[in-house]
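Enquirer: Attaching a predicted model along with its sequence, questions to come.
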Amino acid sequence: MLRIALALALVLAGAAPGLPARSAETAPVEAPPDSDSEAPADPQAPGATSEPEADSEGRLTPVLSRFGIRLYGRINLDMSYDTDKIDTGNFARWVETPDEVEKGDDQFNVSANASRLGVAVEGPGSESIESDALVEIDFYGGGGENTPKPRLRQAYAAVHWLGPEISVLFGQTWDVIHPLLPDQLNFVAGWWSGNIGFRRPQLRGSKAFALGGSRRLMLDLAIARTIGDPIFTQDVGADAGIPTLQMHLGYEFLGLAGQATSIGLSGHAGEQECDSLAKDFLTWSAGTDLSIPLSRELRLEGEAWTGQAVCTYLGGIGQGINTNLRRAIRATGGWAALKYDLSSKWRFNLGGGVDDPWDRDLSPGMRSRNFSVFTNAKRYFFKRAFSVGLELMYMHTDFIERATGTAFRVQGQGRFDF
């Protein structure tokens with residue numbers, strides 16, 4: 001108990017802010033706001049010039065860009081204490097079985113790797129067409145704990161036809177399927193324990209259908225790269241010779257208290273060609289998502305899904321193909337969470353999720369069920385530019401013919417969004 005109390009004190013100390021007297025007026029962002037508000041008003045400003053200017057000797061004068069640009073990002077510090085060995089430490093995916101690690105092997109981690117940096121670009125357009133682009137990185141690309149390498153999160157450009165409400169996007173961004181994320185301090189946001197969907201290269205088309213009033217249908221279709229199961233040295237996704245197709249159909253309207261409400265259906269289908277097993281495997285998923293207000297301050301969100309070979313969508317507890325049984329692993333899962341905004345300065349979250357692969361598709365030692373519940377509180381400062389948070393999570397991981405792993409995790413976070 002003394003070790004737990006000490007770790008909790010360290011986590012709380014790490015989350016305590018040392019704030020400057022002034023801060024920019026900006027809200028925390030998962031993606032940057034629309035770039036229209038930052039467009040240069042002066043047509044001769046560097047961000048608005050159509051061609052680089054030349055000096056008196058005819059040399060080009062350096063400019064940042066001929067389009068409007070916004071730099072955004074966040075600085076994160078996360079401190080966490082785990083009562084038992086959790087994979088991977090800086091973030092929680094599942095608990096290791098006590099048959100392979102010592103029971104009560106507690107861990108304490110400190111990381112700034114979730115910090116990120118992005119550039120949003122307001123591209124050319126007209127009265128009926130707009131365009132934009134974005135590049136975003138974080139620091140989970142490997143390397144040492146104090147010398148992390150950058151990792152590409154997003155890099156895309158998009159064109160929007162305003163009249164017919166059609167958009168085309170090309171590059172790397174979030175999957176079309178399962179668009180929601182639980183609001184957690186844990187960096188992986190419910191992946192491997194009920195939430196699926198990640199980021200990958202894709203060509204996407206979107207179309208909105210107005211239904212009258214605030215109601216509309218939103219259709220997203222994507223041709224995406226098939227990322228193969230990492231247990232193979234061969235790129236089993238590219239070897240399939242075909243891309244993966246993704247689809248999401250959402251119904252959006254204003255619900256209780258005039259708040260945005262959405263219900264969606266989504267799915268994907270692709271193939272992995274495994275030469276070492278002389279067999280092709282179908283990867284697919286089908287699911288639903290829901291975001292509804294229960295009052296002006298309280299919102300319920302969640303997703304449910306079923307599928308097969310979804311490890312690269314961060315499902316199946318990281319297991320996609322069982323090479324011993326020569327079988328794609330089927331799994332079912334989902335998550336739900338309540339989000340309560342007490343005021344502009346306080347937010348509380350409570351939720352949980354489960355990822356449940358089919359036992360018949362697993363071999364001894366493989367993970368058979370991963371369940372987690374969490375609650376957290378966030379406090380915002382200086383127009384929500386600074387925030388601190390504290391999260392408590394319980395995680396329970398079952399195995400085939402191995403002892404169950406369980407752990408509590410306490411995580412504190414300090415964050416600055418710019």
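Expert: Thanks, I have it.

Enquirer: Show the backbone phi and psi for the nearest residue to Asn376 once chain neighbours are set aside.
Expert: Nearest non-adjacent residue to Asn376, counting by C-beta to C-beta, 6 or more residues apart in numbering: Glu391, 3.7 Å away. In short, each C-beta sits where N, CA and C put it, glycine included. Dihedral pair for Glu391: phi -130, psi 140, per degrees, to the nearest 10.

Enquirer: and Glu391, bridged to which residues?
Expert: Judged by DSSP bridges, the bridge partners of Glu391 are Asn376, Gln411.

Enquirer: ok, now Thr306?
Expert: In this entry, Thr306 is beta-bridged to Ala286, Thr332, by DSSP bridges.

Enquirer: and it, how many neighbours?
Expert: Residues near Thr306, counting by other C-beta atoms under 10 Å, number 18.

Enquirer: Also Asp239?
Expert: Using other C-beta under 10 Å, Asp239 has 16 other residues around it.

Enquirer: Next: Ala224.
Expert: Ala224: 22 surrounding residues under other C-beta under 10 Å.

Enquirer: quick one, what contacts Glu297?
Expert: By C-beta atoms under 8 Å, 6 or more residues apart in numbering, the residues touching Glu297 are 340-342.

Enquirer: From those, which land in strands?
Expert: Members of those lying in strands (criterion: DSSP state E): 340-341.

Enquirer: Any chance of the contacts of Glu297 in TSV with distance to Thr233 and pLDDT as columns?
Expert: Listed next are the contacts of Glu297 as TSV, based on distance: C-beta to C-beta, whole Å; pLDDT from 0 to 100:
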residue	distance to Thr233	pLDDT
Tyr340	47	98
Asp341	48	97
Leu342	51	96
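
Enquirer: how about the helix or strand Lys207 falls within as PDB, C-alpha atoms only?
Expert: Element membership for Lys207 (DSSP states H and E) is strand 199-212. Written as PDB, here are the backbone C-alpha positions of strand 199-212 (Å, rounded to 0.1, in the frame of the first residue of the first chain):
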ATOM      1  CA  ARG A 199      -5.000   5.600 -39.700                       C
ATOM      2  CA  ARG A 200      -3.700   4.400 -43.100                       C
ATOM      3  CA  PRO A 201      -3.100   5.700 -46.700                       C
ATOM      4  CA  GLN A 202      -6.400   6.000 -48.600                       C
ATOM      5  CA  LEU A 203      -8.400   7.700 -51.400                       C
ATOM      6  CA  ARG A 204     -11.700   8.800 -49.900                       C
ATOM      7  CA  GLY A 205     -14.900  10.300 -51.300                       C
ATOM      8  CA  SER A 206     -17.600  11.800 -49.100                       C
ATOM      9  CA  LYS A 207     -21.100  13.000 -49.900                       C
ATOM     10  CA  ALA A 208     -23.700  14.700 -47.700                       C
ATOM     11  CA  PHE A 209     -27.400  14.300 -48.400                       C
ATOM     12  CA  ALA A 210     -29.600  17.000 -46.900                       C
ATOM     13  CA  LEU A 211     -32.900  15.600 -45.500                       C
ATOM     14  CA  GLY A 212     -34.500  18.900 -44.300                       C
END
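
Enquirer: buried residues in stretch 374-389?
Expert: 374-378, 380, 382, 384-389 (16 or more other C-beta atoms under 10 Å).

Enquirer: go on, stretch 66-86?
Expert: Buried residues in stretch 66-86, counted by 16+ other C-beta under 10 Å: 67-70, 72-74, 76-86.

Enquirer: just curious, which of the contacts of Glu297 is nearest to Arg151?
Expert: Distance to Arg151, by C-beta to C-beta, is smallest for Asp341 among the contacts of Glu297, at 30.9 Å.
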